[in-house]
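Peer 1: Quick one, structure for this:
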Amino acid sequence: MTLLTFKRATAILLLVVLCACSSKSGGVAGIGGSGLPSSQLDAQIAAAIGDPTTCVLLADKATGKVLYTYGTDFNCSRGLPACDSQTTLNAKAALQFATEPNSRFASCASLPDGSRMVGWAEGAVQSTKHSLVYSAVMEGQRALPGHEINARLYDAFSKAGL
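Peer 2: Okay, here's the model as predicted:
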């Protein structure tokens with residue numbers, strides 16, 4: 001392999017790694033004609049509960065198809081204590097609670113020593129334009145309780161035009 005070929009291969013590999021590690025905030029919004037205002041959602045969620053450990057999923061209420069994602073794949077797919085049961089959940093699995101008649105808000109320690117917390121919120125999005133449900137989770141030393149996540153998202157969704 002020549003030096004020039006090696007440099008090109010290294011540059012391509014670096015680009016692939018950087019793209020794979022980039023934030024997925026708003027990653028699927030607007031795909032498939034969802035009509036969701038992804039840039040407004042990104043800005044409003046970031047201002048309301050944005051944190052490196054935040055994940056928010058918006059899904060079609062009827063089909064459960066995720067139409068918008070705020071946060072990285074890691075934060076949306078990692079298993080965390082459910083807080084209201086002895087199981088672990090991820091944000092996608094927690095969407096099942098969003099379609100129930102009552103919203104779900106839960107908070108608890110994510111580590112036995114209580115140094116980190118996890119907050120969950122799932123429910124219907126109050127919107128006259130879309131029939132959506134959401135799942136949100138935060139984990140860390142500054143994670144908000146589930147009720148607070150819900151209250152802040154209610155305002156964020158409204159300000160984003162949902």
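
Peer 1: Show me where the protein has its strands.
Peer 2: In the chain, the segments counted as strands under DSSP state E are 55-60, 66-70, 80-81, 88-89, 104-109, 117-124, 132-140.

Peer 1: How far does the fifth one sit from its chain's centre?
Peer 2: Read that as strand 104-109. Computed by CA atoms, centre = their mean, to the nearest Å, the chain-centroid distance of strand 104-109 equals 16 Å.

Peer 1: Could I get the buried residue list for that strand?
Peer 2: 104-108 (16 or more other CB atoms under 10 Å). In this view, the C-beta of every residue, glycine as well, is placed from N, C-alpha and C.

Peer 1: Now render the strands of the chain as JSON lines, adding distance to R152.
Peer 2: Output for the strands of the chain, formatted as JSON lines (distance: least, CB to CB, whole Å):
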{"stretch": "strand 55-60", "distance to R152": "11"}
{"stretch": "strand 66-70", "distance to R152": "13"}
{"stretch": "strand 80-81", "distance to R152": "19"}
{"stretch": "strand 88-89", "distance to R152": "20"}
{"stretch": "strand 104-109", "distance to R152": "12"}
{"stretch": "strand 117-124", "distance to R152": "9"}
{"stretch": "strand 132-140", "distance to R152": "9"}
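
Peer 1: So, low pLDDT: which residues of this structure?
Peer 2: 1-34 (pLDDT under 70).

Peer 1: and with 50 instead?
Peer 2: For the chain, the stretches flagged by pLDDT under 50 are 3-33.

Peer 1: List the residues that contact D84.
Peer 2: Remark: with contacts taken as CB atoms under 8 Å, 6 or more residues apart in numbering, D84 is in contact with 104, 106.

Peer 1: cool, G146 as well?
Peer 2: Contacts of G146 (CB under 8 Å, 6+ apart): 83, 104-107, 119-121.
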